[in-house]
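Novice: Based on what follows, work out the 3D shape:
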Amino acid sequence: MSNEYGFYPSGPGGVPVGAPSGYTPATLNPPGRAQLGGRGPQLPPFMRTNIWPPQLLLSTNSQVGHQQRIYTTGILNQPLNGLQTVVIQFDIPCIIYACAAASQNTAGVVPQVPGSGLDSFTASIEHTNGDRITTQAALGSVIFGTATEPALVGGNGWVFDRGSGMVIQVTPIQNATQRIDFAFYAIEERGPRNLTR
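Specialist: Numbers count the residues shown, from 1 in each chain. Below is the predicted model of the structure:
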């Protein structure tokens, strides 16, 4: 017999007494990689696919159009070694397939940041739902490319639905007079109206 908290006392062989059909006890161990394979009768558990370069899954619906957009954001003259947070909000479903960044010193009398300045800051990226795209902060050159050679996102890219967003946390580590810009290259999927798909 169960109570309001879903507790079922153990019966013979550990099978809960009075549990509904299909009941499985909770487990504290999430599934391992081998347990995540497909289980269809005509399907192999896993399949091989290319993840590089990006291979975006685009809609084949004739009512859905695709358009490239470059989402940009950045910070200007923030404190040295101070973590700053910027958010990009996506109003239309999109897939990000590449990213780039650049940094430059805004003080004219100080020598400029050499090259693209990607080693003059650390950054981390995550969805607004908390899913981390990068597991922790790293030098910009590890995550981003440049405008001429953006860092490609392998597989199906980073998918964002309407209303979701991307959080970029950036820390200037060279000086407090830096302008740091980010660019995320995306394919937007547009329906007959922006509110339908």
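Novice: what's the nearest residue to the most centrally placed residue in the chain if we skip its chain neighbours?
Specialist: With distances taken as CA atoms, centre = their mean, the residue of the chain nearest its centroid is I133 (4.0 Å). In space, and not counting its chain neighbours, I133 is closest to I125: 4.2 Å by CB to CB, 6 or more residues apart in numbering. Glycine gets a C-beta too; all of them are placed from N, C-alpha and C.
Novice: which stretches of this protein form strands?
Specialist: Along the chain, the stretches classed as strands by DSSP state E are 65-76, 84-89, 94-105, 121-127, 138-139, 151-152, 158-160, 165-172, 178-190.
Novice: hmm, back to that, residues contacting the residue nearest to I133?
Specialist: By CB atoms under 8 Å, 6 or more residues apart in numbering, the contact set of I125 is 132-134, 143, 166-169.
Novice: Could you give the bridge partners of it?
Specialist: Counting by DSSP bridges, I125 forms beta bridges with I168.
Novice: ok, back up a step: just put the strands of the chain in JSON lines and tack on distance to S59.
Specialist: JSON lines is the format used below for these (distance: least, CB to CB, whole Å):
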{"stretch": "strand 65-76", "distance to S59": "8"}
{"stretch": "strand 84-89", "distance to S59": "22"}
{"stretch": "strand 94-105", "distance to S59": "10"}
{"stretch": "strand 121-127", "distance to S59": "21"}
{"stretch": "strand 138-139", "distance to S59": "33"}
{"stretch": "strand 151-152", "distance to S59": "21"}
{"stretch": "strand 158-160", "distance to S59": "12"}
{"stretch": "strand 165-172", "distance to S59": "21"}
{"stretch": "strand 178-190", "distance to S59": "6"}
